[in-house]
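A.B. asks: Structural data only, the sequence is not supplied:
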C-alpha cells in the first residue's frame, strides 16, 4: 500500500508501509532516547507516554491498535499527513540505539545445519548429540554486551590453548568469528513459576531483529567444558536497530521445519498444530564482509530462517516450561541459521572448515577468520509472490584491535 | 564496638555495628522499596537520593564515607542517637526485597571440592577437566529468576531421560537439589572493551550475599550438552536480603587457596601478590533443612568459602579480560563451596552420592533430594579470634509442588 512518505514506496527499500518496525533514536549524545517507527528513509516519532518496554508489555491487542493507527496515518491521502509530517525525522540525521532495554538474553541453537556441521568437526560420525531433536538447546547469554549495529567491536583477548602446547597462553583471539542469527524480542512476560503453553507462546513475541553472535573460537574451545560458552561470546553481540513486528512478518510465515521420518515427534508441551503449520519464518539472511581494501562489501553467505529446527513458539514454551519468567525486552537468539549447502554456512567456522580452507575474496584477499578492519554486515529481507517485500536494515560491526 | 541499638550488641547476632549490611525493604506491597542497613534486629533507613545501584556505582571512597558516618551515628553515646532513632524500623515488621537490581548474573565454579566430587561421579579417574586449574570456569545465569530469601520455590518440570528409556519424558523434576554458594555484588562497573586488572578487581566488588543455586539434576543431565546448564538452573536462585560489604569482611580475609606443588601458577592476568596473600574469604557456610515434620531445622553440611580455588578478584578480572562490561548490581556466584570432607558437600548430589546413599535425618525421615514441603536454609557467619563476629542472615526457600 503506498504511503505519502515517498521513500517508503521504493520496492527495493526495507521499510514500506507494510513494515513499520520499532526503534529508539536520538539527535545527539545528550538527548534522551525516543521511540519511533521506520517509514522509508524516515522515522515517525511515536511520543509514547511509556518507554518501549512498557509498550511491548501491553500485549498483542495494543500492538495491533497501534499498527492500525500508524497505517491509517501514513498511507497515501491520509488526513493526518500534515500533522504527522512534523513528527518525521530523517534516519541519516539521527543516532540509533538498542531498540529496547534488554533484561536477559538467551541464545538457542536451532540452526540444525550449523549444529550438524560444527558437530562434524568434533564428532564426524555422530555430529548431533542425542538431545538435539528432542528439545531446543539453549543457554544464557550476556545481556550487558548486546550492542546496536554500527558499534565497533574490540577484538577480545582470552586464554587459548594451542593443541601442540602444554600450557595455555593469554592474548588476542586469532579465530574471531561471527554467527548469523535472528533475535526474538519478548513482548509480554510471564510470572515466575508459570509456564507459557506452546499454543500461547506466539502472543508473547513482539518482533524480530538481526543478531550477530560474535564468537572467539579459540577462547571457546578451551573454556567451554563443562559449563558452556562464556567469554568466547560475552565481549559483544550485535543486533539491528529495528524490531520488525510479528504482524509485519505474518505474510512470511511458513511451516515449521519438516522432520524426517525417523526424527522424533516433539513432546506434547512443544507441539501445536497451528505452530507446525505456520510457526516458521521465511527470512532470507545474508552475511556481507567489507575489508579495508574493498569499495563494496562482498557476500559471504545466504541462508533462510525457515531452516530452523525449532519455531520461536517452541523455544519460548520450552524456556518457560520450568517456570522461568521472561520479561518484556528479553532477547532470544535463534542459533546460527546456516543453509544445508556448505556455501550457506552462517559462520566462518563453517565456510572455512574450521579455518582449514581460507575463503578467496574478489579483492584477492583471503580470510579464515575476521581480521582487524573488517566490517561484517548482516542483512535480512522477506520476499514472497503477492506480498510487499520488507527488510530488517542491517546489523554491522567493524572489528578493531 | 557497642551500639545504642541494644540488639546489635548480642554476640550471637548477625548484625553488630561492625557489619552494617545493605538491603531493601518496604512496609507493604504498595510501598516503594527503601534502602537501609541492618543493625541488630532493626534497620536504619538511609534515605539515599539515588537507588541502591547508583550508590554502589559511586565506588569505594563513597562506600567508606558512608560506613564511617553510619558507625559514628550508631555507636554508643553518639550525638545522633535521638535523630536517628526515628529512622529505625524493626526487621520483623517489614518485607525484604532483592537488595539491588540485578542486571546480569554469572555463576562460577570455583569450589574445587565440589567440582572434583561431581567430576568423579562422571569421570572417576579424571574428575577435573584440564582447564579447571587454569581459569575460573563460569557461565551466564538467569537474572530474572533470582529471588530473595523466603520466596517459595516451585518445583520445576522439564524434559528428563531416564537411562533405561529410549525417549525422554516431560514432568516434575525428581532430583531437585540446592547448591551452597556466595554471591558477589558488583559495585563499580567497567566499560565495554576495557578489562579490569586483577590488582584493581577488588575495588569493583561492593559486597557479598548468600546464594542457593537451586538445581534440577535430572533436567540438567539431559539438557546440558553441549552448551551448559539452562532450565536446570533458571527456575530460581535464592539470595539473602543483606549485602555484607567488603569493608565489613576485611577482618575475615585469608590467603587465596593454597595450590599444590604440581598445580599451575596462575597466568599473569590472574596473579596479584596482594590477592594471593589476602584475597580469600573465611566465611563459614551452613546448610540446614526443615521438613514439615520437624520442629527445628537440622544441619546438612558446614563448609568454608576459604576453600574456593579462585578469589573474587580473579573471577572478576577473568570475566572482564575479554572486554565484557560489568554493571553495578551484577551478581557473580562463586560456585558450590563444599569442604574437602564428604560430609561437607554443598549439595545433596554430593551428600547422597548422586542419590545412591540417602541421608538419614534425626526425624527418622530420609532424603536423597529435596521434597515438597522441605525448607532449605543457607546461613553464613564469620568468626575470628579478636574480631567481632558478623553474620549474613539467611537465604531460605520452601519447595512447593
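C.D. replies: Cool, the structure landed. These numbers were taken from a predicted model, which means no experiment stands behind them.
A.B. asks: okay, now the domains of chain A?
C.D. replies: Following automatic domain parsing, chain A resolves into domains at A:6-96, A:105-400.
A.B. asks: Is chain B within reach of the first one?
C.D. replies: No - Domain A:6-96 lies out of reach of chain B by C-beta under 8 Å from any C-beta of the partner chain, never closer than 13.1 Å. (C-beta placed from N, C-alpha, C; glycine too.)
A.B. asks: what's the span of that domain, first residue to last?
C.D. replies: 22 Å (C-alpha to C-alpha, to the nearest Å).
A.B. asks: now the last one
C.D. replies: For domain A:105-400, the separation between the terminal residues is 24 Å (C-alpha to C-alpha).
A.B. asks: give me every residue that touches the residue in the stretch 201-350 of chain A that chain B sits nearest to.
C.D. replies: Taking C-beta to the nearest C-beta, chain B has its nearest neighbour within the stretch 201-350 of chain A at residue A:228, 2.3 Å off. Residue A:228 makes contact with A:139, B:139, B:224, B:226-229, according to C-beta atoms under 8 Å, 6 or more residues apart in numbering or on different chains.
A.B. asks: Please, which helix or strand holds it?
C.D. replies: Assigned by DSSP states H and E, residue A:228 belongs to no helix or strand.
A.B. asks: Just give me the neighbour total for residue A:163.
C.D. replies: Close neighbours of residue A:163, defined as other C-beta atoms under 10 Å in any protein chain shown, add up to 5.
A.B. asks: How confident is the prediction for it, by pLDDT?
C.D. replies: Residue A:163 carries a pLDDT score of 90 in this model.
A.B. asks: can you give me phi and psi for it?
C.D. replies: phi -60, psi -30 (degrees, to the nearest 10).
A.B. asks: Can you name the residues that contact it?
C.D. replies: Contacts of residue A:163 by C-beta under 8 Å, 6+ apart: none found.
A.B. asks: switch the cut-off to 10 Å
C.D. replies: By C-beta atoms under 10 Å, 6 or more residues apart in numbering or on different chains, the contact list for residue A:163 reads residue A:221.
A.B. asks: what separates it from chain B, distance-wise?
C.D. replies: The gap separating residue A:163 from chain B is 12 Å, by C-beta to the nearest C-beta, to the nearest Å.
A.B. asks: hmm, back to that, among the contacts of residue A:228, which one sits closest to residue B:252?
C.D. replies: Using C-beta to C-beta, residue B:139 comes nearest to residue B:252 of the contacts of residue A:228, at 27.8 Å.
A.B. asks: Spell out which helix or strand contains that closest one, please.
C.D. replies: strand B:138-140.
A.B. asks: Averaged pLDDT, stretch A:240-251. What do you get?
C.D. replies: For stretch A:240-251, mean pLDDT rounds to 98.
A.B. asks: what helices or strands is the strand holding residue B:139 leaning on?
C.D. replies: If contacts are counted by 3 or more C-beta pairs under 10 Å, 6 or more residues apart in numbering or on different chains; DSSP states H and E, strand B:138-140 sits against strand A:105-108, strand A:138-140, strand B:105-108, helix B:312-320, strand B:331-333.
A.B. asks: what pLDDT does residue A:103 get?
C.D. replies: 97.
A.B. asks: Over to residue A:123?
C.D. replies: On the pLDDT scale, residue A:123 is placed at 84.
A.B. asks: Over to it: give its phi and psi.
C.D. replies: Taking degrees, to the nearest 10 as the convention, residue A:123 sits at phi -140, psi 80.
A.B. asks: now do the one 10 residues further on
C.D. replies: When read as degrees, to the nearest 10, the backbone of residue A:133 gives phi -90, psi 0.
A.B. asks: show me what contacts the spatially closest residue to residue A:6 that is not a sequence neighbour?
C.D. replies: Counting by C-beta to C-beta, 6 or more residues apart in numbering or on different chains, the nearest residue to residue A:6 once its immediate chain neighbours are dropped is residue A:40, at 6.8 Å. Counting by C-beta under 10 Å, 6+ apart, residue A:40 touches A:3, A:5-10, A:13-17, A:19, A:74, A:88, A:90-91.
A.B. asks: what's the spacing between residue A:40 and residue B:115?
C.D. replies: 56 Å (C-beta to C-beta, to the nearest Å).
A.B. asks: ok, now residue A:37?
C.D. replies: With C-beta to C-beta as the criterion, residue A:37 and residue B:115 are 50 Å apart.
A.B. asks: Then residue A:270?
C.D. replies: 33 Å.
A.B. asks: do the same with residue A:189
C.D. replies: Separation of residue A:189 from residue B:115 (C-beta to C-beta) stands at 34 Å.
A.B. asks: What helix or strand is residue A:373 located in?
C.D. replies: Counting by DSSP H and E, residue A:373 is part of no helix or strand.
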